[in-house]
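[1] Provide a 3D model corresponding to the input given below.
(one chain, ligands or ions: 1)
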Amino acid sequence: MTKRGPMKLGMFYWPGGGQHMAAWRHPQGIPDFDVDVQRIVDLAKLAERGLFDMFFMADALSFWRGPLEAMSHDAAGAWIEPMTVMATVAQHTQHIGLVCTATTTFDQPYLLARRYAGLDLASGGRAGWNLITSGNDATAQSFGHAEHVEKSKRYRMAWEFAHVVRGLWQSWRGDTFVRDKASGLFIDPEKLFVLEHAGEFYKVRGPLIVPPSAQGEPVMVQAGASDEGRELAAATAEVVFAAQQHLENAQAFYADVKRRMPAYGRDRDSLKIMPGLTYFVAESREQAQAEFDELQDLIDPVMGLAMLTNRMGVDLSKFNPDDPAPVMPENPRGGSRAQLVNELIAKRPGITLRELYKHFAGARGHGLVIGTPKEVVDHMEQWFEEEACDGFNMMPPLYPRDLQRFVDLIMPELQRRGLYRRAYEGKTLRENLGIARPAWPTVRIKQDMPKEAQQA
Ligand SMILES: Cc1cc2nc3c(=O)[nH]c(=O)nc-3n(C[C@H](O)[C@H](O)[C@H](O)COP(=O)(O)O)c2cc1C
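    Have a look, this model is predicted:
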């Protein structure tokens with residue numbers, strides 16, 4: 001094993017028959033993949049054969065990611081509620097962690113804590129919660145809001161929400177439940193932590209009604225890259241799902257998040273940073289490249305133009321995709337992603353809209369590697385050894401073909417180089433990730449919150 005130990009890997013499941021937006025249109029693509037739970041179960045079982053730490057599912061609480069014209073071409077308009085999927089997968093797997101996404105902006109901490117604690121029990125200690133605040137404006141309309149909740153407020157809510165959830169999960173230790181038939185004592189009242197929380201957004205009295213699982217409490221995962229997101233991750237997350245395309249950016253993100261941790265009394269190793277990685281792998285580089293090109297050519301121009309419209313805040317739907325990209329104004333709402341589009345237009349004058357959307361659609365903002373097993377593993381090894389990450393969330397472009405390729409081609413090479421496990425180390429997600437349960441109880445909600453939230 002390398003001196004950093006084995007890398008951590010997640011299998012990132014996003015609907016659409018694959019991570020590539022054109023996957024369902026590929027000759028081997030399965031257009032109804034995501035409404036057939038058996039197929040998703042089989043995918044998770046294949047990931048378990050590949051010894052993945054976790055099967056990780058994204059979420060969407062709105063059908064709308066663009067106008068109807070674009071949505072009517074988008075396979076990710078069909079999406080099963082993730083907790084239902086995870087509970088099903090739990091019954092057909094034994095080792096793989098089950099992590100799904102839920103927003104703090106439109107949920108309630110008690111309900112969410114109860115759901116994930118339930119999954120944790122049902123899976124024998126393999127659950128994790130991926131905290132998001134919901135980036136998509138349309139989500140607000142599923143919950144009666146005309147406009148999305150403004151970002152700094154979302155993060156103040158998320159901060160308080162995350163701490164309430166953890167406070168509820170920490171209601172019990174393993175030995176709180178005495179269940180002594182002779183004395184009739186079921187719960188030791190001395191070993192109970194009763195959260196009494198009254199904050200800016202939530203008022204919650206513990207304890208949680210669900211007892212702890214074999215891993216004590218679910219793993220906290222977080223996906224959010226802004227300054228607020230990084231701070232929240234440093235305070236509470238045990239895994240961060242990141243999105244970087246270049247080594248230097250990933251290294252800077254990694255160093256920045258880990259640097260923030262000691263202020264919260266946390267050890268750097270108690271948080272694993274795992275960026276997304278799309279891969280096209282085949283026995284020869286030429287085949288891998290041809291498979292990438294094949295999917296890229298299947299991108300529907302309606303969707304490609306809608307993706308650019310979203311990023312740039314300029315309606316491009318009526319343009320011919322083979323027209324040169326027009327000059328577009330700065331779009332502060334689009335953040336760094338909008339800036340990247342303008343930078344590419346400046347660098348390659350005359351670039352067509354089709355070339356532009358293909359450039360950004362291939363990996364949906366995540367890392368991309370195309371090549372032989374050796375080349376893919378070289379890439380992964382470099383990121384891992386040079387502290388750009390603690391592992392990856394692998395994004396197979398086409399299900400199940402490319403997950404099978406991981407198992408057949410990438411995994412053996414990772415193992416040969418001592419970068420990856422040959423068997424699961426433990427039974428729970430925490431044991432496999434090598435992350436201990438946080439000390440009990442760690443909840444200091446007011447003190448932990450950012451200054452402005454404390455004053456509220
Ligand atoms: C790697 C990554 C994964 C994400 N996954 C989801 C998701 O599954 N569903 C969703 O609605 N938003 C998702 N988001 C978006 C978040 O809801 C939103 O961007 C985040 O909470 C605020 O992010 P920021 O701190 O990057 O601004 C994801 C964001 C990142 C960076």
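
[2] For the longest strand belonging to the chain, which helices and strands make contact with it?
    If you go by DSSP state E, the chain has its longest strand at strand 272-281. The helices and strands touching strand 272-281, judged by 3 or more CB pairs under 8 Å, 6 or more residues apart in numbering; DSSP states H and E, are strand 8-13, strand 239-242, helix 247-259, helix 285-297, strand 367-371, helix 373-385, strand 391-395, helix 401-405. Every residue, glycine included, has its C-beta placed from N, CA and C.

[3] and of the ones you listed, who's closest to the ligand?
    Closest to the ligand of the helices and strands packed on strand 272-281, according to CB to the nearest ligand atom: strand 239-242, at 4.4 Å.

[4] can you give me the strands for the stretch 1-150 of the chain?
    Along the stretch 1-150 of the chain, the segments classed as strands by DSSP state E, counting those that start in this stretch run 8-13, 54-57, 97-103, 127-132.

[5] what about the lengthiest helix in the chain and the ligand, touching?
    Scanning the chain for the helix with the most residues, using DSSP state H, yields helix 151-169. No - applying CB under 6 Å from any ligand atom, one finds helix 151-169 out of contact with the ligand, separated by at least 6.5 Å.

[6] in that helix, what's buried?
    Buried residues in helix 151-169, counted by 16 or more other CB atoms under 10 Å: 154-169.

[7] before we move on, the earlier item: so for the longest strand of the chain, mean pLDDT?
    Computed over strand 272-281, the mean pLDDT rounds to 98.

[8] That one versus strand 367-371: what angle between them?
    Per axes from the mean of the first three to the mean of the last three CA atoms, to 10 degrees, the angle that strand 272-281 makes with strand 367-371 is 40 degrees.

[9] tell me the angle strand 272-281 makes with strand 8-13.
    Using the same axes, to 10 degrees: strand 272-281 against strand 8-13 is 60 degrees.

[10] quick one, strand 272-281 and helix 373-385 angle?
    On the basis of the same axes, to 10 degrees, strand 272-281 is oriented at 160 degrees to helix 373-385.

[11] who does strand 272-281 pair up with?
    Applying DSSP bridges to the sheet, strand 272-281 is found paired with strand 239-242 (parallel), strand 367-371 (parallel), strand 391-395 (parallel).

[12] hey, which of the strands of the stretch 1-150 of the chain is tucked in deepest?
    Comparing the strands of the stretch 1-150 of the chain by mean neighbour count (mean count of other CB atoms under 10 Å), strand 54-57 comes out on top with a mean of 28.

[13] Please parse this protein into its domains.
    Domains of the chain are assigned by automatic domain parsing as 8-285+363-436, 300-361.

[14] how far does the shortest one stretch from start to finish?
    With CA to CA, to the nearest Å as the measure, the first residue of domain 300-361 is 11 Å from its last.

[15] Next, see if that domain gets close to the ligand.
    No - judged by CB under 6 Å from any ligand atom, domain 300-361 and the ligand are separated, with a smallest distance of 7.4 Å.

[16] What's the mean pLDDT across that domain?
    Domain 300-361 comes out at a mean pLDDT of 87.

[17] what bridges to Ala127?
    According to DSSP bridges, the residues that bridge with Ala127 are Leu98.

[18] Just list the residues touching it, thanks.
    Contact partners of Ala127, counting by CB atoms under 8 Å, 6 or more residues apart in numbering, are Met86, Gly97, Leu98, Val99, Tyr116, Ala117, Leu119, Asp120, Ser213, Pro218, Val219, Leu429.

[19] Which of these sits closest to the ligand?
    For the contacts of Ala127, the nearest to the ligand is Val99 (10.8 Å; CB to the nearest ligand atom).

[20] Excluding residues flanking it in the chain, which one is nearest the closest one?
    Nearest residue to Val99 in three dimensions, chain neighbours excluded: Gly128, at 3.7 Å (CB to CB, 6 or more residues apart in numbering).

[21] Ok, Ala60 next?
    Trp79 (5.4 Å).

[22] Report pLDDT for that neighbour.
    92.

[23] Contact residues of the protein facing the ligand?
    Close to the ligand, as judged by CB under 6 Å from any ligand atom, the chain has residues 58-60, 101, 132-136, 223-226, 228-229, 241-243.

[24] Take these and keep only those in helices.
    Using DSSP H, those in helices are Glu228, Gly229.

[25] Just the buried residues out of the residues of the chain next to the ligand, in ChimeraX syntax.
    Buried residues among the residues of the chain next to the ligand (16+ other CB under 10 Å), as a ChimeraX selection:
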select :58,59,60,101,132,133,134,136,223,224,225,228,229,241,242,243
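
[26] what's around His20, how many residues?
    As a burial measure, His20 scores 30 neighbours (other CB atoms under 10 Å).

[27] can I assume it is in contact with Leu295?
    Yes - between His20 and Leu295 there is a contact at 4.8 Å, judged by CB atoms under 8 Å.

[28] Between those two, which contacts overlap?
    Shared contacts of His20 and Leu295 (CB under 8 Å, 6+ apart): Pro397, Leu398.

[29] Tell me which residue lies nearest the centroid of this structure.
    Nearest to the mean C-alpha position of the chain, by CA atoms, centre = their mean, lies Phe241 at 4.7 Å.

[30] so who does that residue touch?
    Gly10, Phe12, Phe56, Asn130, Val221, Gln222, Ala223, Met274, Pro275, Gly276, Asn393.

[31] try it again with 10 Å
    10, 12, 56, 58, 99, 101, 130-132, 221-225, 233, 272-276, 366, 393 (CB atoms under 10 Å, 6 or more residues apart in numbering).

[32] so what's it scoring on pLDDT?
    As predicted, Phe241 sits at a pLDDT of 96.

[33] Give me the distance between it and Val376.
    Distance of Phe241 to Val376, given as CB to CB, to the nearest Å: 20 Å.

[34] Gly434 now?
    Computed as CB to CB, the Gly434 to Val376 distance reads 24 Å.
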